[in-house]
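Engineer: Sequence and predicted structure below; questions after.
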Amino acid sequence: RYIHAHQTKGVSPIRNFLHHIFSAHSLFVSPLTNFSSSSPLTQSTMSSNKDVEMKTSDNDNVDIDETESKQDPSLTEAGEAIITQHPLLAIAQDLFLLSSTEAALTPDERRSIVQRLTEKMESEKMDGLAKYLEEKRTDPLTESAYKYLTEAGWKFNSAQVAQWTEENEKAVTAANAKIKEAEEIAGDTEVREAMYTRANVYVKSGSKDKALEELNLVFDKTVGIASKLDVLMAKLRISLTFLDTKNSQGDANLKQFKQDLDKAKTLVDQGGDWERKNQLSVYEAIYLMITRQFKEASKLLLDAVSTFTALELFDYTTFVLHTCVLSIIYVDRATLQKDVLKSPEILSVIDELPGLRSLLSSLYKCQYRDFFAALNELMPELQRSRYLAPHLKYYLSELRVVAYTQFLSSYKSANLDAMAEAFGVSVQFMDSELFKFISSGRIHAKIDKVESRVDTNRPDKRNQIYGELVKNGDVLLNRLHKLSKVISL
């Protein structure tokens, strides 16, 4: 009855239901505890439970947006629970937006981002980030961002940065004193915590190299698999912060990210816990998106829909955006309806993204004119994605192939005028689109220009497999022939 009552609110009923169950856990007393009813402790507990009970009943109809922020905590470098994006990754997103020409920021949005960046650097004394922006001011990643920052009045003040460095060094000195004290009178756990505190000073200041160096020392001092995974994910966030997603090929930060990711996956296989395994799958999905392995990324993201806890990377709405736009290309229609269109977790936030619900449903219902209109509405969100925007041209091409292939799969031949009308485009545009995809082998069809129609030419699966087998066999025989020459010598 509870779930049925909440289905009309546009809320994920299961997530809301579970929230109320878990929030009421304090109402129950352990059966192993025997308190007399006259005990002051028992009376105070009962009265507090009544208060909680009253508050719970008052809040039964609270909207999911008011309660969801208390769930799904992730871990910071200090091991404290957070429910927001990691500060360094938030800064990286702001720098990306300032440097992107496709993001189409309004002047007010640009001013807000600049103000947020300057306030963050001043409050956290980010001398490392300030030095990074000054050193990399001509790099494609930071050139536009540096320009807008300086136009807004921010400038590299060497005296101020030196003061920040001095204050950060004082914090490091205090951490060193704690490490020394822990080594003398405490155990390895206290030493590790003090080392983590020292590493956090460099992480918060944006000093990438020093932060990675300190975290490596913490990792060597760490024993448990769960704690080691926390350290590796802290390193992954630092590498991701300074990674140029527009020119990732050959980027040293991407190589560092891959090395730490592989190391973390090995630890998970050795006995990592369920929560960190789910978190790590989202980190891996980000790596796959950056390297344009969208099919593999979509599988990982779709599997994490109901278990997503990596809020230090991005919020749940952003996660749903990436999950949906990748899944629509690589999953079949049945999976799209079951795991995406009917997912209560996705439906709870899908309307926060303009055009996303219409994009998914119009493709599923074969309403191609609405599909193109929804794609146009969703474009601003895609252009502001740090992980998808660099591959947006490729992604849109793949998305159009899916739509054209689905339309043609229902016909042996289709009138070109009717197809153009169905998609809401001109005949010339449709003709050029189909020519491009047919000539590249992405769509199996041919265009009859005289009759103005498209004839489908579905490949024979058996012949296709036979051809691949012959081709691979020839390659193998050539390699064996070369190997025999080497052995004979």
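Structural biologist: That came through fine.
Engineer: How far does stretch 85-105 sit from its chain's centre?
Structural biologist: Stretch 85-105 has its C-alpha centroid displaced from the chain centroid by 14 Å (Cα atoms, centre = their mean, to the nearest Å).
Engineer: what comes up buried for that stretch?
Structural biologist: 85-100, 103, 105 (16 or more other Cβ atoms under 10 Å). For glycine as for every other residue, the C-beta is placed from the backbone atoms N, C-alpha and C.
Engineer: With stretch 221-234 instead?
Structural biologist: Applying a neighbour-count criterion of 16+ other Cβ under 10 Å, the buried positions in stretch 221-234 are Lys221, Thr222, Ile225, Ser227, Lys228, Leu229, Asp230, Val231, Leu232, Met233, Ala234.
Engineer: is it true that the third one touches Lys277?
Structural biologist: Going back to what we said before, that points to Ile225. No - counting by Cβ atoms under 8 Å, no contact exists between Ile225 and Lys277, whose distance comes to 10.8 Å.
Engineer: Need the phi and psi values for Val349.
Structural biologist: Backbone torsions for Val349, taken as degrees, to the nearest 10, come to phi -130, psi 0.
Engineer: shaky segments in the stretch 1-150 of the chain?
Structural biologist: Scanning the stretch 1-150 of the chain for pLDDT under 70 picks out 1-83, 138-145, 148.
Engineer: give me that answer again for 50
Structural biologist: Screening the stretch 1-150 of the chain residue by residue with the criterion pLDDT under 50, one finds the ranges 1-82.
Engineer: Is it correct that Glu134 falls within a strand?
Structural biologist: No - following the definition DSSP: H, G, I helix; E, B strand; the rest coil, Glu134 is helix and is not counted among the residues of a strand.
Engineer: ok, it - contacts?
Structural biologist: Shown in contact with Glu134 (Cβ atoms under 8 Å, 6 or more residues apart in numbering): Phe156.
Engineer: Please report the distance of it from Asn478.
Structural biologist: Summarising the geometry, the distance separating Glu134 from Asn478, computed by Cβ to Cβ, to the nearest Å, is 54 Å.
Engineer: cool, Ser413 as well?
Structural biologist: The separation that Ser413 has from Asn478, given Cβ to Cβ, amounts to 41 Å.
Engineer: out of those two, which sits in the more crowded spot?
Structural biologist: Set side by side, Ser413 and Asn478 give different neighbour counts by other Cβ atoms under 10 Å, the larger being at Ser413 (13 against 10).
Engineer: The nearest residue to Ser205 once chain neighbours are set aside: helix or strand, and which one exactly?
Structural biologist: Setting aside the residues directly before and after it, Ser205 is nearest to Gly128 in space (Cβ to Cβ, 6 or more residues apart in numbering), at 4.4 Å. Secondary structure assigned from DSSP states H and E places Gly128 in helix 127-135.
Engineer: Check Leu382 too.
Structural biologist: Here Leu382 sits within helix 368-383, counting by DSSP H and E.
Engineer: Using CSV, write out every CA atom in that helix.
Structural biologist: Only the C-alpha atoms of helix 368-383 are listed here, as CSV (Å, rounded to 0.1, in the frame of the first residue of the first chain):
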residue,chain,number,x,y,z
TYR,A,368,11.6,9.4,-34.9
ARG,A,369,10.6,13.1,-35.4
ASP,A,370,10.2,13.4,-31.6
PHE,A,371,13.5,11.6,-31.2
PHE,A,372,15.4,14.2,-33.1
ALA,A,373,13.6,17.0,-31.3
ALA,A,374,14.4,15.5,-27.9
LEU,A,375,18.1,15.0,-28.9
ASN,A,376,18.3,18.7,-29.8
GLU,A,377,16.8,19.6,-26.4
LEU,A,378,19.3,17.3,-24.6
MET,A,379,22.3,18.7,-26.4
PRO,A,380,23.3,21.4,-23.9
GLU,A,381,23.6,18.7,-21.1
LEU,A,382,25.8,16.6,-23.4
GLN,A,383,28.0,19.5,-24.3
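Engineer: Make sure Val450 is indeed in a helix.
Structural biologist: No - under three-state DSSP, Val450 falls outside any helix and is assigned coil.
Engineer: tell me the phi and psi of it?
Structural biologist: Torsion angles at Val450 (phi, psi; degrees, to the nearest 10) stand at phi -70, psi -50.
Engineer: I'd like to know how many residues surround it.
Structural biologist: Taking other Cβ under 10 Å as the neighbour definition, Val450 ends up with a count of 6.
Engineer: where does it sit relative to Phe423, distance-wise?
Structural biologist: In this view, Val450 and Phe423 are 22 Å apart by Cβ to Cβ.
Engineer: likewise Ser99?
Structural biologist: 34 Å.
Engineer: so Asp339 sits right up against Leu302, yeah?
Structural biologist: Yes - here Asp339 lies in contact with Leu302, judged by Cβ under 8 Å, at a distance of 5.8 Å.
Engineer: These two - which one has more neighbours?
Structural biologist: When Asp339 is set against Leu302 and neighbours are counted by other Cβ under 10 Å, the residue ahead is Leu302, at 21 against 17.
Engineer: any idea which helix or strand carries the more buried one?
Structural biologist: Using DSSP H and E, the element containing Leu302 is helix 294-303.
Engineer: what's the following helix or strand after that helix?
Structural biologist: Next along the chain from helix 294-303, counting by DSSP H and E, comes helix 316-330.
Engineer: which other helices and strands contact whatever helix or strand comes next after that next one?
Structural biologist: Under the assignment DSSP H and E, the closest C-terminal helix or strand after helix 316-330 is helix 333-335. In terms of contacts (3 or more Cβ pairs under 8 Å, 6 or more residues apart in numbering; DSSP states H and E), helix 333-335 is packed against no helix or strand at all.
Engineer: Let me see the mean pLDDT of helix 333-335.
Structural biologist: Across helix 333-335, the average pLDDT comes to 90.
Engineer: same thing with stretch 392-405?
Structural biologist: Summarised as a single mean, pLDDT over stretch 392-405 is 94.
Engineer: and the gap between the spatially closest residue to Val305 that is not a sequence neighbour and Leu89?
Structural biologist: The spatially closest residue to Val305, leaving aside those adjacent along the chain, is Glu345, at 5.3 Å (Cβ to Cβ, 6+ apart). In this structure, Glu345 lies at 22 Å from Leu89, with Cβ to Cβ as the measure.
Engineer: Next: Ala264.
Structural biologist: With the distance defined as Cβ to Cβ, Ala264 ends up 17 Å from Leu89.
Engineer: what does Ser488 give?
Structural biologist: With distances defined as Cβ to Cβ, the gap from Ser488 to Leu89 amounts to 57 Å.
Engineer: and the angle for the helix or strand that contains Trp164 with helix 127-135?
Structural biologist: Assigned by DSSP H and E, Trp164 falls within helix 158-185. With axes from the mean of the first three to the mean of the last three Cα atoms, to 10 degrees as the basis, helix 158-185 and helix 127-135 are set at 140 degrees to each other.
Engineer: and the next helix or strand after helix 158-185 with helix 158-185, angle?
Structural biologist: Tracing the chain C-terminally past helix 158-185 and defining elements by DSSP H and E, one meets helix 188-205 next. Going by the same axes, to 10 degrees, helix 188-205 is angled at 170 degrees with respect to helix 158-185.
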